[in-house]
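**Student:** What shape does this take:
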Amino acid sequence: MTFLQKYFSQFNLDALLLSFFSKALSLLLLCIVFFLAKKIVHFSIKKLLTSSLKLANQDQGRQKTIMRLVENMLNYALYFILIYWMLSILGLPVSSLLAGAGIAGVAIGLGAQGFLSDLVNGFFILIEHQFDVGDMVCLTNGPITIEGTIVSVGIRTTQVRDADGTLHFIPNRNILVVSNKSRGNMRAQIDLPLSPMVDLEKVAQVIGAVNDRYLSDYPVIKDCLILGAQTSPNGQFSYRIQFMVENGQQNHIYHTFYGLYQEALVQAGIELPQVSIMLGNKK
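**Tutor:** Okay, here's the model as predicted:
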């Protein structure tokens, strides 16, 4: 007991408790001020960028992309400042830690190459306007292919949500080929399978009649090209029609006009053996 009493007697418990509660209160106030300041800064930057981008006639996708990128960079900077202040309040030698980090940086430089590659590739993705938030894309790296909608573009990663709802976080350095399906018109190609003995002139008349009646009802269709009779590599005989439509509308136009053509051909006494589909990019 005497040893313990001597050991604890060397500490000023009142001073230690006062220092502890003082630092805890300072950290709490710092966090409150930080998150309030973060909200204010984000709100101010958002209003400033929104008005500036509108004046620059940037589209919605481009505005969202730049906004997300600026928010990511701002968050990195703000959290770095928060950590710096927290270490200062705790009494840690921040300058010594930063000097040590500079020395350690030489050792971990090779490990940071991937991070720097992400930053550089992300910079060029933004500058070259390869894709924006909301674009439908196909991102390829060798045998790996991810297709979906761009959710966020950051300085290190890009987020893509695919058709089944999965959210993919892709390091920017791994994006080697970008196929953007939201730039310009898209192709919807309909192949109507037919019997080799069918009357092609009659088929052409039926297809033309359907187009004359319904094409004007769909302003998303920019062009319609009737390619006529085709033979696939597997020997399937078909009648091909191609539509150039606004991006995102190709599936709707395909299914709508396939139904119209099928109904008209059946009413004209021409049967369709099977269904075939092909959707493609703008050529």
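**Student:** Tell me which stretches of the stretch 51-200 of the chain form strands.
**Tutor:** 136-141, 144-153, 157-161, 167-171, 177-180, 186-193 (DSSP state E, counting those that start in this stretch).
**Student:** quick one: which of those is nearest residue 126?
**Tutor:** Proximity to residue 126 (Cβ to Cβ) singles out strand 144-153 among the strands of the stretch 51-200 of the chain, at 6.9 Å. Using the backbone N, CA and C atoms, a C-beta is placed for each residue, glycine as well.
**Student:** Could you dump the strands of the stretch 51-200 of the chain into a markdown table and include distance to residue 41?
**Tutor:** Below are the strands of the stretch 51-200 of the chain laid out as a markdown table (distance: least, Cβ to Cβ, whole Å):
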| stretch | distance to residue 41 |
| --- | --- |
| strand 136-141 | 31 |
| strand 144-153 | 19 |
| strand 157-161 | 23 |
| strand 167-171 | 25 |
| strand 177-180 | 32 |
| strand 186-193 | 40 |
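**Student:** Would you format those strands as CSV with mean neighbour count included?
**Tutor:** Shown next, in CSV, are the strands of the stretch 51-200 of the chain (neighbours: other Cβ atoms under 10 Å):
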stretch, mean neighbour count
strand 136-141, 18
strand 144-153, 17
strand 157-161, 20
strand 167-171, 14
strand 177-180, 14
strand 186-193, 21
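**Student:** among these, which is nearest residue 89?
**Tutor:** So among the strands of the stretch 51-200 of the chain, strand 157-161 is nearest, using Cβ to Cβ, at 31.7 Å.
**Student:** Compile the strands of the stretch 51-200 of the chain into CSV and extend it with columns for mean pLDDT.
**Tutor:** Below are the strands of the stretch 51-200 of the chain laid out as CSV (pLDDT from 0 to 100):
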stretch, mean pLDDT
strand 136-141, 89
strand 144-153, 88
strand 157-161, 90
strand 167-171, 92
strand 177-180, 89
strand 186-193, 89
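**Student:** who wins for proximity to residue 209 among these?
**Tutor:** Using Cβ to Cβ, the strands of the stretch 51-200 of the chain put strand 186-193 closest to residue 209, at 14.3 Å.
**Student:** Give me the next element, helix or strand, following the closest one.
**Tutor:** Sequence order places helix 200-214 as the next helix or strand after strand 186-193, per DSSP states H and E.
**Student:** got the contact list for stretch 247-255?
**Tutor:** 136, 181-190, 218, 220-221, 243, 245, 277, 279 (Cβ atoms under 8 Å, 6 or more residues apart in numbering).
**Student:** do stretch 131-148 as well
**Tutor:** In contact with stretch 131-148 (Cβ under 8 Å, 6+ apart) are residues 59-62, 64-65, 68, 125, 149-153, 158, 160-163, 166, 168, 170, 174-183, 247-248.
**Student:** How about stretch 24-31?
**Tutor:** 82, 85, 86, 89, 90.
**Student:** Just give the nearest non-adjacent residue to the fourth one, would you?
**Tutor:** This points to residue 89. residue 26 (5.0 Å; Cβ to Cβ, 6 or more residues apart in numbering).
**Student:** tally of neighbours for that neighbour?
**Tutor:** 15 (other Cβ atoms under 10 Å).
**Student:** tell me the domain ranges of this protein?
**Tutor:** 10-108, 114-180, 186-280 (automatic domain parsing).
**Student:** Least confident of these, on average?
**Tutor:** Note on the domains of the chain: domain 10-108 shows the lowest mean pLDDT, a mean of 70.
**Student:** contacting residues around the residue positioned nearest the centre of the chain?
**Tutor:** Central residue of the chain (Cα atoms, centre = their mean): residue 150, 1.5 Å from the mean position. Going by Cβ under 8 Å, 6+ apart, residue 150 touches 65, 131, 132, 133, 134, 135, 137, 158, 159, 160.
**Student:** again, but for residue 156
**Tutor:** 115, 118, 119, 122, 171, 172.
**Student:** Likewise for residue 82?
**Tutor:** 30, 31, 34.
**Student:** Show me which of those are buried.
**Tutor:** Buried members of the contacts of residue 82, counted by 16 or more other Cβ atoms under 10 Å: residue 34.
**Student:** Out of the contacts of residue 82, flag the one nearest to residue 45.
**Tutor:** Out of these, the member with the shortest distance to residue 45 (by Cβ to Cβ) is residue 34, at 15.9 Å.
**Student:** hang on, isn't that closest one packed against residue 83?
**Tutor:** No - in this structure residue 34 lies outside contact range of residue 83 using Cβ atoms under 8 Å: 10.4 Å.
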